[in-house]
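Undergrad: what follows is a predicted protein model with its sequence.
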2 protein chains.
Amino acid sequence: MKTAVSPCPIEEAMVLLSGRWPTLLLYYLQPGPKRFNELRRDNPSISHRMLTLELRKLEAAGVVRRTAHPGYPLRVDYALTASGRKLVPLIDALGDWWSESAGERAAFVASA
Amino acid sequence: MKTAVSPCPIEEAMVLLSGRWPTLLLYYLQPGPKRFNELRRDNPSISHRMLTLELRKLEAAGVVRRTAHPGYPLRVDYALTASGRKLVPLIDALGDWWSESAGERAAFVASA
DNA sequence: CTCCGGTTACAAAAAAGTGCGTCATTTACT
DNA sequence: AGTAAATGACGCACTTTTTTGTAACCGGAG
């Protein structure tokens, strides 16, 4: 059994956001639309394959919108959608939580 | 190069929460402490190996606390820590966001 | 013999990295 | 002027790495 559809929105949201790229891409798209290779330069350690895959996933989830300008050297840009912009503060909150709870993690590590 | 430490708290938080188990476990621990096999029953599709691994990860991150009661049939329970409880509403917010943006995803899929 | 809460070793599956090709235009070299 | 190389945004195939599952084993009690 391949685990049927999960009735849990949290689980589905996490499937979308899992891994280190989705949230980072959201972060870099926050200032405004960016093009493919621009995103690669923002984050040199992602491979072009991963970048396309992640962007498609985010597009399918409706958090980014892909716009292809027809023309010469092929221009495409990616921008946050409305729901993508709503997602950003929630992700920021997770980052803040991690920073705030740094002390407790350190305490735990120190006590080990 | 194994990708040095990421200076980004969001990325680190997401590494912790990635996958479908961490948030689900947080969810099931929300009502109160639970024992190992209780968590397995809550979520039958997780393997006991994964459950131990995920619990250790969450423990190392300081979001759950493992308590072993010495005695007869070996009792261990897992409970949310303070930072774990702070994390719960943030995760819930992600679930809410997913539910709210369901319409936009549907629209996108329909337009394809 | 089974339950509880694991650990360890091995295997299967999934995710990610690498490199080549593409298409049309632009720039660079000689 | 002619050829070569680069750009932007990928797709495809192959390999490597990481994650997850499976199964067996542990110890002590009922």
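TA: Noted; the coordinates are in hand.
Undergrad: quick one: contacts for the residue nearest to the spatial centre of chain A?
TA: With distances taken as C-alpha atoms, centre = their mean, the residue of chain A nearest its centroid is A:Pro22 (2.0 Å). By C-beta atoms under 8 Å, 6 or more residues apart in numbering or on different chains, A:Pro22 lies in contact with A:16, A:54, A:57-58, B:14. C-beta: built from backbone N, CA, C; applies to glycine.
Undergrad: now with 10 Å?
TA: A:16, A:54-55, A:57-58, A:61, A:63-64, A:87, A:91, B:14, B:18 (C-beta atoms under 10 Å, 6 or more residues apart in numbering or on different chains).
Undergrad: ok, and the most crowded of these?
TA: A:Val63 (28 neighbours; other C-beta atoms under 10 Å in any protein chain shown).
Undergrad: hmm, it is touching A:Leu90, no?
TA: No. Under the criterion of C-beta atoms under 10 Å, A:Val63 makes no contact with A:Leu90, lying 11.5 Å away.
Undergrad: quick one: low-confidence ranges for chain A?
TA: A:1-6, A:108-112 (pLDDT under 70).
Undergrad: who are the packing partners of the helix ranked longest in chain A?
TA: When chain A is parsed with DSSP state H, its longest helix is helix A:82-100. Under the contact criterion of 3 or more C-beta pairs under 10 Å, 6 or more residues apart in numbering or on different chains; DSSP states H and E, helix A:82-100 touches helix A:9-17, helix A:21-29, helix A:48-60, strand A:64-69, strand A:75-80, helix B:9-17, helix B:82-100, helix B:102-111.
Undergrad: okay, those in TSV with distance to A:Phe36 next?
TA: Below are the helices and strands packed on helix A:82-100 laid out as TSV (distance: least, C-beta to C-beta, whole Å):
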stretch	distance to A:Phe36
helix A:9-17	20
helix A:21-29	11
helix A:48-60	7
strand A:64-69	9
strand A:75-80	6
helix B:9-17	21
helix B:82-100	26
helix B:102-111	20
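Undergrad: distance to DNA strand D added to these, as TSV?
TA: Below are the helices and strands packed on helix A:82-100 laid out as TSV (distance: least, C-beta to the nearest atom of the strand, whole Å):
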stretch	distance to DNA strand D
helix A:9-17	11
helix A:21-29	12
helix A:48-60	4
strand A:64-69	6
strand A:75-80	4
helix B:9-17	8
helix B:82-100	17
helix B:102-111	16
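Undergrad: between the ones you listed, which gets nearest to DNA strand C?
TA: The closest of these to DNA strand C is helix A:48-60. By C-beta to the nearest atom of the strand, the value is 3.6 Å.
Undergrad: got the CA coordinates for the closest one in PDB?
TA: What follows is helix A:48-60 as a C-alpha-only set of coordinates in PDB (Å, rounded to 0.1, in the frame of the first residue of the first chain):
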ATOM      1  CA  HIS A  48      19.900  23.200 -13.000                       C
ATOM      2  CA  ARG A  49      18.000  19.900 -12.900                       C
ATOM      3  CA  MET A  50      16.900  20.500  -9.300                       C
ATOM      4  CA  LEU A  51      16.100  24.100 -10.000                       C
ATOM      5  CA  THR A  52      13.700  23.200 -12.800                       C
ATOM      6  CA  LEU A  53      12.100  20.400 -10.800                       C
ATOM      7  CA  GLU A  54      11.600  22.500  -7.800                       C
ATOM      8  CA  LEU A  55      10.300  25.400  -9.800                       C
ATOM      9  CA  ARG A  56       7.800  23.100 -11.500                       C
ATOM     10  CA  LYS A  57       6.700  21.700  -8.200                       C
ATOM     11  CA  LEU A  58       6.100  25.200  -6.800                       C
ATOM     12  CA  GLU A  59       4.400  26.200 -10.000                       C
ATOM     13  CA  ALA A  60       2.100  23.200  -9.800                       C
END
